[in-house]
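Trainee: pasting the sequence and the predicted model now:
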Amino acid sequence: MNKGIILAFLTAFQWGALGIFIKNIENMTTAGMVATRLLIGSFFLLLIIMSQKKTRKNLLKSFKSIKFYILISLLMSTHFMFSTMGFVYSTVANASLLTSTTPIFVSLFAFIFLSERISNKEFLGIVIAFSGILVIFSSKGLSLEGEYFQGNIYAVIAAILIAVYTIIISKNMKKHSPLITLFWISFMGSILIFIGCGLTNTPLLFKVTNNDILNLIGLTIVGTLGHVCYFMCLKYIKTTTASSITMGTPVVAIIYAMFFLSETYTASNLIGIFICMCGIALTVNNKAVVERKAVIN
């Protein structure tokens with residue numbers, strides 16, 4: 001259980017940097033960012049897989065489940081597109097807040113498809129954590145203006161898609177390894193986006209600078225490792241608990257922005273961070289709530 005909680009927090013710490021990297025890439029289209037990130041990530045994962053005899057064998061065996069990998073790759077490449085467009089067409093605050101609705105959708109889907117029940121304590125923790133996020137971004141560019149409507153919708157769709165992904169992965173946890181699954185998601189996802197761009201004549205990039213390359217590498221590293229940690233944490237803890245912990249992602253994003261973008265602290269930031277962390281702590285305070293007994297040996 002503790003492994004799962006630690007992995008979920010590591011996921012939040014890595015995903016918290018995504019918005020900063022995305023905002024600093026100026027000369028690539030959304031499709032270009034996502035496709036290139038996934039392709040580079042797939043080579044990174046392939047190197048890890050090929051370095052071990054056991055994982056090499058698992059990669060060969062995985063061809064038997066190619067239909068599953070195509071399905072999950074299509075789902076996640078679509079998620080990456082909508083998630084990135086959320087940050088591009090809306091404010092970082094709006095996109096971060098709306099993608100943080102994932103636990104709400106996960107709780108609903110987990111109840112329907114996994115028969116996971118959410119306790120009153122866990123539900124209260126989610127509500128408190130989300131309230132904290134709302135307080136944090138109340139002074140960070142949160143806006144209901146119509147010009148951000150499109151980006152806001154993209155962010156909500158991204159939240160729904162990652163919730164669906166969470167449920168599918170949880171149901172197939174024993175059949176597929178994290179590294180193999182994420183390799184196929186990254187590789188096939190990039191190919192699907194490249195094909196789609198070719199068919200629609202969508203440009204991938206304009207003029208790429210050294211700054212863009214560095215931020216793209218950072219985006220690839222934190223995005224890929226974040227998904228590895230997220231996949232692995234689902235082996236040990238409930239889907240609802242895992243997604244609730246990742247609600248700390250916007251909190252981490254704010255902290256990163258304070259250090260790396262020289263953004264200043266405000267009273268609402270500190271209050272919101274405290275409220276959010278209290279809510280997350282409430283969701284993981286009871287072992288009976290978070291443990292996946294059917295998975296842990």
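Mentor: Received, thanks. Residues are numbered from 1 along each chain as shown.
Trainee: which residues of the stretch 101-250 of the chain score low on pLDDT?
Mentor: Across the stretch 101-250 of the chain, the ranges flagged by pLDDT under 70 are 137, 139-147, 205-206.
Trainee: just the helices in it please.
Mentor: All helices of the stretch 101-250 of the chain, identified by DSSP state H, counting those that start in this stretch, fall at 102-113, 120-137, 149-171, 178-200, 210-233, 239-245, 249-260.
Trainee: how about TSV for those, with distance to residue 75 added?
Mentor: (C-beta placed from N, C-alpha, C; glycine too.) Output for these, formatted as TSV (distance: least, C-beta to C-beta, whole Å):
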stretch	distance to residue 75
helix 102-113	13
helix 120-137	23
helix 149-171	6
helix 178-200	9
helix 210-233	13
helix 239-245	15
helix 249-260	20
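Trainee: how about these, which one is nearest residue 57?
Mentor: Each of the helices of the stretch 101-250 of the chain has some distance to residue 57 by C-beta to C-beta; the shortest is helix 178-200, at 10.4 Å.
Trainee: next, the angle helix 149-171 makes with that closest one.
Mentor: With axes from the mean of the first three to the mean of the last three C-alpha atoms, to 10 degrees applied, the angle from helix 178-200 to helix 149-171 works out at 140 degrees.
Trainee: now the angle from helix 178-200 to helix 210-233?
Mentor: Here helix 178-200 runs at an angle of 130 degrees relative to helix 210-233 (the same axes, to 10 degrees).
Trainee: elements contacting helix 178-200?
Mentor: When contacts are defined as 3 or more C-beta pairs under 8 Å, 6 or more residues apart in numbering; DSSP states H and E, helix 178-200 sits against helix 30-50, helix 53-61, helix 66-89, helix 210-233.
Trainee: determine how far the second one lies from the middle of the whole chain.
Mentor: Computed by C-alpha atoms, centre = their mean, to the nearest Å, the separation of helix 53-61 from the middle of its chain amounts to 26 Å.
Trainee: other residues contacting it?
Mentor: Contact with helix 53-61 is made by 48-50, 177, 179-180, 183, as judged by C-beta atoms under 8 Å, 6 or more residues apart in numbering.
Trainee: quick check on these: which are buried?
Mentor: Taking 16 or more other C-beta atoms under 10 Å as the criterion, what is buried in those is 49, 177, 179-180, 183.
Trainee: between those, which is nearest residue 273?
Mentor: Using C-beta to C-beta, the buried ones among the contacts of helix 53-61 come closest to residue 273 at residue 179, 33.0 Å.
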